[in-house]
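Colleague: Sequence first, predicted model second:
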Amino acid sequence: MINYENCWKTMAKRGITKYALIYHYGMSSNTLRRMSHGESITTSTVNELCLILHCRPEDILSFEVTEEEDTYQKQRELEIAEKKKK
């Protein structure tokens, strides 16, 4: 699961608010809503945030495997291994 907690921390360090992103930098409020809800954003949005915040992608997002994702992926890998045996 993608987590945007790093973005909020980076914004706080740089003194840039959500308001500033929307009204000064033209970022969509829907994009910020999506991030607040842990939903996907485009790589061009990550690029734009990096330019605005003078940071790297890892300062915007992180990847953490949830239990549900881990279980699904293991099952998927087992299914693929079975198909390869045939």
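Modeller: Cool, got the structure. Residues are numbered from 1 along each chain as shown.
Colleague: Other residues contacting the longest helix along the chain?
Modeller: When the chain is parsed with DSSP state H, its longest helix is helix 67-85. Residues outside helix 67-85 that contact it (CB atoms under 8 Å, 6 or more residues apart in numbering) are 1, 65. Bear in mind the C-beta positions are built from the backbone N, C-alpha and C, glycine included.
Colleague: Contacts only, for residue 1.
Modeller: So residue 1 contacts 38, 63, 64, 65, 66, 69 (CB under 8 Å, 6+ apart).
Colleague: neighbours around the last one, how many?
Modeller: Think residue 69. Counted with other CB atoms under 10 Å, residues neighbouring residue 69 total 11.
Colleague: Would you quantify the distance from it to residue 6?
Modeller: Applying CB to CB, to the nearest Å, the value for residue 69 to residue 6 is 19 Å.
Colleague: Over to the first one?
Modeller: As defined by CB to CB, residue 38 lies at a distance of 13 Å from residue 6.
Colleague: Of the two, give the one with the bigger neighbour count.
Modeller: Using other CB under 10 Å, the more surrounded residue of residue 38 and residue 6 is residue 6, with 16 against 11.
Colleague: all helices of this structure, in order?
Modeller: 5-14, 18-23, 29-36, 43-53, 67-85.
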